[in-house]
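**Student:** here is my input; please provide its structure:
(2 chains)
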Amino acid sequence: DSGVTQTPKHLITATGQRVTLRCSPRSGDLSVYWYQQSLDQGLQFLIQYYNGEERAKGNILERFSAQQFPDLHSELNLSSLELGDSALYFCASSPRAGSFTLHFGNGTRLTVT
Amino acid sequence: DAKTTQPTSMDCAEGRAANLPCNHSTISGNEYVYWYRQIHSQGPQYIIHGLKNNETNEMASLIITEDRKSSTLILPHATLRDTAVYYCIVRVHQAGTALIFGKGTTLSVSS
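**Tutor:** The predicted structure is shown next:
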């Protein structure tokens, strides 16, 4: 058990809809990372937050947004969903912004129909 | 950031040592070598990391060549549960950056 909790585990929705994925980091970790993994793209870094502030941005679409709340949990919002957004979405946490000993959650599997 | 090259796939017999190579010939002096693995559809799992010296923990050993242009992850006694994709990543310890995963090596351990 990594200590990182992601909910829900599975999500099925239709094109055009909006969903919110939630991540609770490991106790004491201040940094949260979001990754997307689809079959043809591998693990893609989306965005990082540290203590509530955005610190790094990867290949995140404009339709996607994220935030980290004062209690350090994070949410990834995906809107105007397309079939190609179907993927596993992983959250990871670490103690500091420049630490790469990441602890990953078990992911949310999103299916867009 | 330095690019890494790993074999696409490797096989290993259960109980034998698995030696996974990684080439990072353009690595710079302040870049660390990280290894992660991902068992099918689970979240990636941190294994080990190092800068210059060889490192060992309860999971594996990391051997980095003296010129730091390549490294080898060693699983001393592979089990079926070690079947996974293994990622070698090179990164500086710097805020505002993130780990970028490549395609990795698919290790298949068989009995």
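
**Student:** report the spatially nearest residue to the most centrally placed residue in chain B, omitting neighbours in sequence.
**Tutor:** Nearest residue to the geometric centre of chain B (Cα atoms, centre = their mean): B:Trp35, 3.4 Å. Using Cβ to Cβ, 6 or more residues apart in numbering or on different chains and skipping the chain neighbours, the partner closest in space to B:Trp35 is B:Ile47 (4.3 Å). Backbone N, C-alpha and C define where each C-beta goes, glycine included.

**Student:** okay but that neighbour is in contact with B:Arg37, surely?
**Tutor:** Yes: B:Ile47 is within contact range of B:Arg37, at 5.8 Å (criterion: Cβ atoms under 8 Å).

**Student:** what does chain A have sitting close to chain B?
**Tutor:** By the rule Cβ under 8 Å from any Cβ of the partner chain, the part of chain A lying against chain B is A:2, A:4, A:33, A:35, A:42-43, A:45, A:48, A:50, A:55-56, A:58, A:88, A:90, A:92, A:96-107.

**Student:** select only the buried ones of the residues you listed in ChimeraX?
**Tutor:** Written as a ChimeraX command, the selection of buried residues from the residues of chain A next to chain B, which uses 16 or more other Cβ atoms under 10 Å in any protein chain shown, is:
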select /A:2,4,33,35,42,43,45,48,50,55,56,58,88,90,92,97,98,100,102,103,104,105,106,107
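
**Student:** so who does the closest residue to chain A within chain B touch?
**Tutor:** Nearest to chain A in chain B, going by Cβ to the nearest Cβ, is B:Gly43, at a distance of 3.1 Å. B:Gly43 makes contacts with A:2, A:4, A:90, A:92, A:104-107, as judged by Cβ atoms under 8 Å, 6 or more residues apart in numbering or on different chains.

**Student:** need the pLDDT of B:Ala2.
**Tutor:** Note for B:Ala2: predicted pLDDT of 67.

**Student:** residue 18: how many residues sit nearby?
**Tutor:** Unless you meant another one, I'm taking chain A. 11 (other Cβ atoms under 10 Å in any protein chain shown).

**Student:** ah, I was thinking of chain B
**Tutor:** B:Ala18: 24 surrounding residues under other Cβ under 10 Å.

**Student:** cool, A:Glu54 as well?
**Tutor:** Residues near A:Glu54, counting by other Cβ under 10 Å, number 13.

**Student:** same deal with the one 5 residues further on?
**Tutor:** Applying other Cβ under 10 Å, we find 11 residues neighbouring A:Asn59.

**Student:** please name the nearest non-neighbouring residue to it.
**Tutor:** Distances taken as Cβ to Cβ, 6+ apart put A:Gln44 closest to A:Asn59, at 5.3 Å, once the chain neighbours are dropped.

**Student:** ok, B:Gln45 - contacts?
**Tutor:** Residues in contact with B:Gln45 (Cβ under 8 Å, 6+ apart) are A:2, A:104, B:36-39.

**Student:** any chance of these in a markdown table, plus secondary structure and distance to A:Thr111?
**Tutor:** What follows is the contacts of B:Gln45, written out as a markdown table (DSSP: H, G, I helix; E, B strand; the rest coil; distance: Cβ to Cβ, whole Å):
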| residue | secondary structure | distance to A:Thr111 |
| --- | --- | --- |
| A:Ser2 | coil | 24 |
| A:Phe104 | strand | 20 |
| B:Tyr36 | strand | 26 |
| B:Arg37 | strand | 26 |
| B:Gln38 | strand | 20 |
| B:Ile39 | coil | 21 |
